[in-house]
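[1] this is a predicted model, with the sequence first.
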Amino acid sequence: MLLFILSFLICLTGYGLHTFWHYQVYKGIDFQQRGKFFNVYTHLIVFIGYFAFGMMIFVDPLKINMNIVLRIAGIIIGLSGIIIVAIATFQKKGYSETDQLIKTGIYSRIRNPMYLGIIFIHIGLPLLFGSMITLLSALIWIPMIVLWKYWEEKHLEKKFGEQYMDYKRKTLF
């Protein structure tokens, strides 16, 4: 139980920092000016938050033996999320978000594939492993992710104007 609580608190800290970071960008603060150390430190804490979520799945004190249908749904949803995040990460390499929009590959259909993938992971993996408290924690994480999406899209609307609005009309999520 203690390891689960610790994992939850680390995840909450990482997601809280991620939320603060998105809010600052939304308000117009340029993190690139804060230096490489700050950016690496921030991304490391966010990564540790994601890792802690993974730990929550395995140390969840309320495990339920899910029926086969829910386990299969968990595999499909969770694996889809992992694949979406992997594809989006691979396609994003080499692009600078400050210079241009990414509108090819998975980004030609989904504006925020990483966020969508992370949401799928937050639902699918706890279902697969029968981790009920971790699944319920999605009620915290998913609204935060939707808020990141909202702030990021408002930032991109300001930055790219009609070009982004046109892109937004042609894509999902």
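    Cool, the structure landed. Residues are numbered from 1 along each chain as shown.

[2] what about Met163, neighbour count?
    For the record, residue 163 is Gln, not Met. Neighbourhood size, Gln163 [other CB atoms under 10 Å]: 14. (Each C-beta comes from the backbone N, C-alpha and C, glycine too.)

[3] for the longest helix along the chain, name the packing helices and strands.
    Counting by DSSP state H, the longest helix found in the chain is helix 132-160. The contact analysis (3 or more CB pairs under 8 Å, 6 or more residues apart in numbering; DSSP states H and E) places helix 132-160 against helix 2-26, helix 36-59, helix 113-129, helix 162-170.

[4] out of the ones you listed, which one sits most buried?
    For the helices and strands packed on helix 132-160, the largest average neighbour count (mean count of other CB atoms under 10 Å) is found in helix 113-129, namely a mean of 22.

[5] list the helices and strands it packs on?
    helix 36-59, helix 68-92, helix 132-160.

[6] pull the residues that contact the shortest one.
    Spelled out, that is helix 36-59. Applying CB atoms under 8 Å, 6 or more residues apart in numbering, the external contacts of helix 36-59 come out as 3-4, 7-8, 10-15, 17-18, 21, 31-32, 118, 122, 125-126, 129, 131, 133-134, 137, 141.

[7] related to what we said a few turns ago, pLDDT on the longest helix of the chain, on average?
    Here helix 132-160 scores 96 as its mean pLDDT.

[8] list the buried ones in it?
    132-135, 137-138, 141, 145, 148-149, 151-152, 155-156 (16 or more other CB atoms under 10 Å).

[9] as JSON lines, the residues you listed with distance to Ile77 would be great.
    As requested, the buried residues of helix 132-160 are arranged in JSON lines below (distance: CB to CB, whole Å):
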{"residue": "Met132", "distance to Ile77": "16"}
{"residue": "Ile133", "distance to Ile77": "18"}
{"residue": "Thr134", "distance to Ile77": "14"}
{"residue": "Leu135", "distance to Ile77": "11"}
{"residue": "Ser137", "distance to Ile77": "16"}
{"residue": "Ala138", "distance to Ile77": "11"}
{"residue": "Trp141", "distance to Ile77": "14"}
{"residue": "Ile145", "distance to Ile77": "15"}
{"residue": "Trp148", "distance to Ile77": "20"}
{"residue": "Lys149", "distance to Ile77": "18"}
{"residue": "Trp151", "distance to Ile77": "25"}
{"residue": "Glu152", "distance to Ile77": "23"}
{"residue": "His155", "distance to Ile77": "29"}
{"residue": "Leu156", "distance to Ile77": "27"}
